[in-house]
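Engineer: below: sequence and its predicted model.
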Amino acid sequence: MIDMPWNWRQPVTWILKVNLIFLVIDLLLLPFLSLFLGVSVLSLVKAGFFPTMLLLNSSIIFLAGGLIAMFSSIFPSKIREYIFHSDEKWSQETQKKSERKANLYILAGIILFLESLVSIYMIL
């Protein structure tokens, strides 16, 4: 049995949980969308709605990861300091911590993007 160190297990399980949550949400939205449009679920899948929803989800996750990395940089922190009179100072440690967090979001987005590509080829 492969014994993964703890620092690898937690991010991998987080990415898989996020991926599973988005897949379940997309699979639950398909029947509601078919009822709303008055068509069958299979015709929606053949029309490409499921890969489109996965692609939309991956773009949302990419955007969230980019915003996390951007808002911890020095420019937004100086804006918070001067405009909102925040006592929070910029530090390189918080920048690195937010970049690690953003990397998790980006990896989850990559997995969802690859799943959308695979689902497109499975439909064809």
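Structural biologist: That came through fine.
Engineer: for this protein, which segments are assigned as strands?
Structural biologist: Secondary structure of the chain by DSSP state E: no strands are present.
Engineer: residue boundaries of the helices in this structure?
Structural biologist: With helices called from DSSP state H, the chain shows them at 6-37, 41-47, 49-71, 74-83, 92-123.
Engineer: now mean neighbour count and mean pLDDT too, for those helices, in JSON lines please.
Structural biologist: To be clear about C-beta, it is placed using only N, CA and C from the backbone, and glycine gets the same treatment. Formatted as JSON lines, these follow (neighbours: other C-beta atoms under 10 Å; pLDDT from 0 to 100):
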{"stretch": "helix 6-37", "mean neighbour count": "13", "mean pLDDT": "89"}
{"stretch": "helix 41-47", "mean neighbour count": "14", "mean pLDDT": "87"}
{"stretch": "helix 49-71", "mean neighbour count": "18", "mean pLDDT": "91"}
{"stretch": "helix 74-83", "mean neighbour count": "12", "mean pLDDT": "74"}
{"stretch": "helix 92-123", "mean neighbour count": "16", "mean pLDDT": "89"}
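Engineer: check the gap between the residue nearest to residue 113 when sequence neighbours are not counted and residue 31 for me.
Structural biologist: Nearest residue to residue 113, sequence neighbours excluded (C-beta to C-beta, 6 or more residues apart in numbering): residue 58, at 4.2 Å. Using C-beta to C-beta, to the nearest Å, residue 58 is found at 22 Å from residue 31.
Engineer: OK, contacts around residue 41?
Structural biologist: 30-31, 34 (C-beta atoms under 8 Å, 6 or more residues apart in numbering).
Engineer: any chance of these in TSV with distance to residue 7 as columns?
Structural biologist: Supplementary listing: the contacts of residue 41 in TSV, determined by distance: C-beta to C-beta, whole Å:
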residue	distance to residue 7
30	37
31	40
34	43
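Engineer: closest one of those residues to residue 77?
Structural biologist: Nearest to residue 77, judged by C-beta to C-beta, of the contacts of residue 41 is residue 30 at 41.8 Å.
Engineer: report the central residue of the protein.
Structural biologist: residue 61 (2.7 Å; C-alpha atoms, centre = their mean).
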